[in-house]
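Novice: Got a sequence here, can you model it:
(chains A and B)
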Amino acid sequence: MATEMTKKDAASDNGGQTLMNAAPTATIRPMVDIFETADGITLRADMPGVSKDGLNLRVDGPNLLVEGNIGIIPEQKMSALHADVRSTLYRRSFVLGSELEAEKIDANLKDGILTIRIPKRPELRPRKIEVRSS
Amino acid sequence: MFGNLYSDNPLLTQFRRLEEELDEVFGRGTPWTGGIRSQPPGTFPAINVGSTEDDVTVYLFAPGIDAKKLDISIQQNLLTVSGEREVPRDDGATYYRQERFGGEFHRVISLPDDVDPERVQASYRDGVVQITVRRRESAKPRQIAIR
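Specialist: Below is the predicted model of the structure:
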């Protein structure tokens, strides 16, 4: 029984399905962590398979677009036995607040993790407000 | 009232069906879908498995791990990968979203029967672990000449 099931795994049975061959419009929404500190907001996104060349970051007005192309190109003849990842494009967008300095964004990509730091405008960083007792 | 939310939402039902159909298409006839060792969608790390005549390649989408600490073993056609991903949290910060997986993971992948457990290669690049296992020569399709 079990043998019969796995025998079918042999390359021929998938009707030419290749790895991650979903329609180009299908995108993956990367998982993110977003946190705020006194001087800015940090966004971390999991984008495994994306190299620096495949990354596209764009600020358009208040929107921050994060895009990345998975650069693993499987052999032409490869057919998929299993695919959790069914697209090669990550895409997610975020709306930035006006208190953030979009023009000073700093981005870093390492081992498939994108880290974006967006500083707050200095004049808008939180100030401690003293309560005076009269 | 609540019943409506869970059972009678036609959109959700259709979506689930679509998902099942996709599973059919992508994992037809493999021990993946509904396999006894299969894990729910979204389990870290995501896995793709591709196959050619010569080898089977497993891609584990595991960003930010220390590849040296990864434990990869193969017994017959069962590939086991376990490791840990540390996601340090900044205690002084205010978190708005924490979607990324942190902690230990363990996955068992059933490969086709004809892989050779002696010939395995693994690499790590851009957050993807790539493990290639050769198929046995005898299992390759052969051209049979007619005399």
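Novice: How is chain B divided into domains?
Specialist: Listed by automatic domain parsing, the domain ranges of chain B are B:1-30, B:43-90+B:99-139.
Novice: now for those, which one comes closest to A:Ile70?
Specialist: Nearest to A:Ile70 among the domains of chain B is domain B:43-90+B:99-139; the distance by Cβ to Cβ comes to 8.2 Å. (Each C-beta comes from the backbone N, C-alpha and C, glycine too.)
Novice: Give me the distance between the top strand by length along chain A and the centre of its chain.
Specialist: Secondary structure of chain A read by DSSP state E shows that its longest strand is strand A:50-60. In terms of Cα atoms, centre = their mean, to the nearest Å, the centre of strand A:50-60 is found 9 Å from the chain centre.
Novice: Tell me which other helices or strands that strand touches.
Specialist: strand A:63-70, strand A:106-110, strand A:113-119 (3 or more Cβ pairs under 8 Å, 6 or more residues apart in numbering or on different chains; DSSP states H and E).
Novice: what comes up buried for it?
Specialist: Within strand A:50-60, the residues that count as buried by 16 or more other Cβ atoms under 10 Å in any protein chain shown are A:50-51, A:54-55.
Novice: Between which two of those is the distance greatest?
Specialist: Among those, A:Ser51 and A:Leu55 lie farthest apart (Cβ to Cβ), at 7.5 Å.
Novice: Spell out which residues are contacts of both of those two.
Specialist: A:Leu109 (Cβ atoms under 8 Å, 6 or more residues apart in numbering or on different chains).
Novice: ok so, going back, distance to A:Leu64 and pLDDT for the buried residues of strand A:50-60 - can I get that in JSON lines?
Specialist: Formatted as JSON lines, the buried residues of strand A:50-60 follow (distance: Cβ to Cβ, whole Å; pLDDT from 0 to 100):
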{"residue": "A:Val50", "distance to A:Leu64": "16", "pLDDT": "96"}
{"residue": "A:Ser51", "distance to A:Leu64": "20", "pLDDT": "95"}
{"residue": "A:Gly54", "distance to A:Leu64": "18", "pLDDT": "94"}
{"residue": "A:Leu55", "distance to A:Leu64": "13", "pLDDT": "96"}
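Novice: returning to what we had before: closest one to B:Ile146 among the helices and strands packed on strand A:50-60?
Specialist: When the helices and strands packed on strand A:50-60 are compared by Cβ to Cβ, strand A:63-70 sits nearest B:Ile146, at 44.6 Å.
Novice: and the next element down the chain from the closest one?
Specialist: strand A:79-83 (DSSP states H and E).
Novice: What's the first helix or strand after that following strand?
Specialist: Using DSSP H and E, the helix or strand that follows strand A:79-83 in sequence is strand A:89-95.
Novice: That following strand versus strand A:63-70: what angle between them?
Specialist: Put simply, strand A:89-95 runs at 170 degrees to strand A:63-70, going by axes from the mean of the first three to the mean of the last three Cα atoms, to 10 degrees.
Novice: Strand A:89-95 and chain B in contact?
Specialist: No: Strand A:89-95 lies out of reach of chain B by Cβ under 8 Å from any Cβ of the partner chain, never closer than 10.0 Å.
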